[in-house]
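*Asks:* Have a look at this prediction, sequence included:
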Amino acid sequence: MEHENKMSEHSMHGVNNNGVQAQSSDFLNRHGSETHLAPSKLKDRSFDFPDLEAKELHLRTSAQKEEIQHLREQIAVACVKELQLLNEKCALERKFSDLRMAIDEKQNEAITSASNELARRKGDLEENLKLAHDLKVAEDERYIFMSSMLGLLAEYGILPPVVSASAITNSVKHLHDQLQWKIRTSHDRIRELTGIAGTHTGGRSHENDSPISGILNNQIPHRSTASHGFSSNNHYTDEQHLMPPDNMLRYMPDNDHTAKNLMFNDQGQQQLSNGNSQEFLFSSDRGGAGPNPDSAFDKGAVRTGAEDMTNNIFSHHDEMDSYGSEEGPGIEGFQIIGDATPGGKLLGCGYPVRGTTLCMFQWVRHLQDGTRQYIEGATNPEYVVTADDVDKLIAVECIPMDDQGHQGELVRLFANDQNKIKCDPEMQNEIDTYISRGQAAFSVLLLMDSSENWEPATLTLRRSSYQIKINSTEYVEISEKYSKELSIKVPSGLSTQFVLTCFDGSSRPFSTYSVRMRDTLVLTMRLFQSKALDDKRKGRA
């Protein structure tokens, strides 16, 4: 029994494989030897007990020994099975350890891959931000270009049916064809006039000494250099965008037939004197590149009689001879007429004197900090007041000039009697109502980048945020809170459009159904934004 207890105790301690196998083999050998020796001893001792009772007791003892032996055999088998299970357990533990190592390697690989993926995504995000910034710049340039092209076409009364690249291109081609036709027509009429003038003056023996010869051969007194130290051609080139051709006659004096209808530049006079009437050019506000489409030639203001032309040239020569004894070009009675409220039109006008044939205009916005801001594109006598002018002073600056390029003194005049621009009572009441309610909704048109079409949308303004929803799909295009990055750009002129720059820097072009509605929307949104930012600053304080 002690041997069995030792064996079981030894099996419970989980020895190594070699020790377990050696002990199990020793145990089986001893058990086999005892099994063979027991019957022989019993056989030898069967005759030692003459008494039946002793013999029976001996047999009973032998049976118990056999039973014990049988139990030992079962224990041995169980020990063998236990040893086998221990071996299997050790093998499984080794496999489990290998699996754990493999899992750790896979986890390390996964972590490395995730880190690389995060780095790649970070690079993609940075690239997306850069592309978004570049796209914003391109969209702003595209909007400015399209607005400029639309403004240029509007000056000539050409409006494309849709705002797209193809439509604008076709409109520009159409405008080019119209101007080319007018240029050819003007050249034909100029050729007729020069032919008549040559016939009338060809028989005069004193032609070379006459004032006409001096003019046609580019020998006009005080022609080469203006009183302010620069040539007239350079001046016309520098100021080529200051006044549209459609309004040229409006700014010329009515008491000077020659100055109104014959504004020769140096190149045009020289070419005319050389007989190249086809290359004759008129000076205009765009640099003298061609005849004015609405000039006196197209309106029939010039008479074809040679005597009228000669008299005009003589009077023009006399005026230039007396220039040195008189003051420079000027404008008298300069005033601003019109309604100085958002959406209203202002017009700077006056009476040109002392040979003034051209006036250069520039509208200026005076800010509250005392600085001046030249209004982009506002270089015409007529100016449309926008939402950007509210609570500011605006003025117009005018420089009179004659056809020789001489400049007069700059004339500056403030609009609205030098008072700040205010909304009219109806618009102000509408804005106050929106602010008191804390909500406003406007029907607008949103220019979609994908289709280049204007989609009807609703712009909803609230106290702390705003939302833009497409009407056709009910899709919310933009929904964000007011921030200092939010800005609104309003173009000059009779435009119903504006550009909204959001928090993320993206720009969205909008259009309204009227200039008044556009200005009301812009002013209301700016007030909501200002109040929201003030509340945010007070909350932080």
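*Replies:* Looks like it came in fine.
*Asks:* Double-check Val411 against Pro400; I have them as touching.
*Replies:* Yes. Under the criterion of Cβ atoms under 8 Å, Val411 makes contact with Pro400 at 7.4 Å. In short, each C-beta sits where N, CA and C put it, glycine included.
*Asks:* All the helices of the chain, in order from the start?
*Replies:* 2-12, 17-45, 52-155, 165-201, 211-216, 232-238, 257-261, 266-273, 306-321, 425-437, 515-540 (DSSP state H).
*Asks:* pLDDT averaged over the second one - what is it?
*Replies:* Per-region confidence: helix 17-45 scores 48 on mean pLDDT.
*Asks:* 13 is where my numbering starts, stick with that
*Replies:* Let's use 13 as the start, then, which means that last one is helix 29-57.
*Asks:* still on that earlier bit, any residues in contact with both of Val423 and Pro412?
*Replies:* Ile343 (Cβ atoms under 8 Å, 6 or more residues apart in numbering).
*Asks:* The two - which one has more neighbours?
*Replies:* Pro412 (27 against 17; other Cβ atoms under 10 Å).
*Asks:* List the contacts of the nearest residue to Ser476 once chain neighbours are set aside.
*Replies:* Nearest residue to Ser476 in three dimensions, chain neighbours excluded: Ala544, at 5.1 Å (Cβ to Cβ, 6 or more residues apart in numbering). Neighbouring residues of Ala544 by Cβ under 8 Å, 6+ apart: 475-476, 493-494.
*Asks:* per-residue pLDDT, Arg112?
*Replies:* So Arg112 comes in at 94 (pLDDT).
*Asks:* Could you report the neighbour count for it?
*Replies:* Neighbours of Arg112 using other Cβ under 10 Å come to 10.
*Asks:* What distance do you get for it to Glu105?
*Replies:* 10 Å (Cβ to Cβ, to the nearest Å).
*Asks:* between those two, what contacts are shared?
*Replies:* With Cβ under 8 Å, 6+ apart as the test, Arg112 and Glu105 reach no residue in common.
*Asks:* Now do the buried residues in stretch 440-449.
*Replies:* The neighbour-count check on stretch 440-449 (16 or more other Cβ atoms under 10 Å) flags 440, 442-443, 446-447 as buried.
*Asks:* Of those residues, which is the nearest to Phe454?
*Replies:* Phe454 lies nearest to Tyr446 out of these, by Cβ to Cβ, at 9.6 Å.
*Asks:* can I assume that closest one is in contact with Leu473?
*Replies:* Yes. If you go by Cβ under 8 Å, Tyr446 and Leu473 touch, sitting 7.1 Å apart.
*Asks:* Need the overlap of contacts for these two.
*Replies:* 452, 536.
*Asks:* how about low-confidence regions in the stretch 413-553 of the chain?
*Replies:* 461-464, 552-553 (pLDDT under 70).
*Asks:* So which residues of it form strands?
*Replies:* 423-426, 451-459, 466-474, 477-482, 488-493, 499-501, 509-513, 519-523 (DSSP state E, counting those that start in this stretch).
*Asks:* can you list these in CSV and add distance to Thr398?
*Replies:* As requested, those are arranged in CSV below (distance: least, Cβ to Cβ, whole Å):
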stretch, distance to Thr398
strand 423-426, 17
strand 451-459, 16
strand 466-474, 18
strand 477-482, 20
strand 488-493, 23
strand 499-501, 11
strand 509-513, 9
strand 519-523, 14
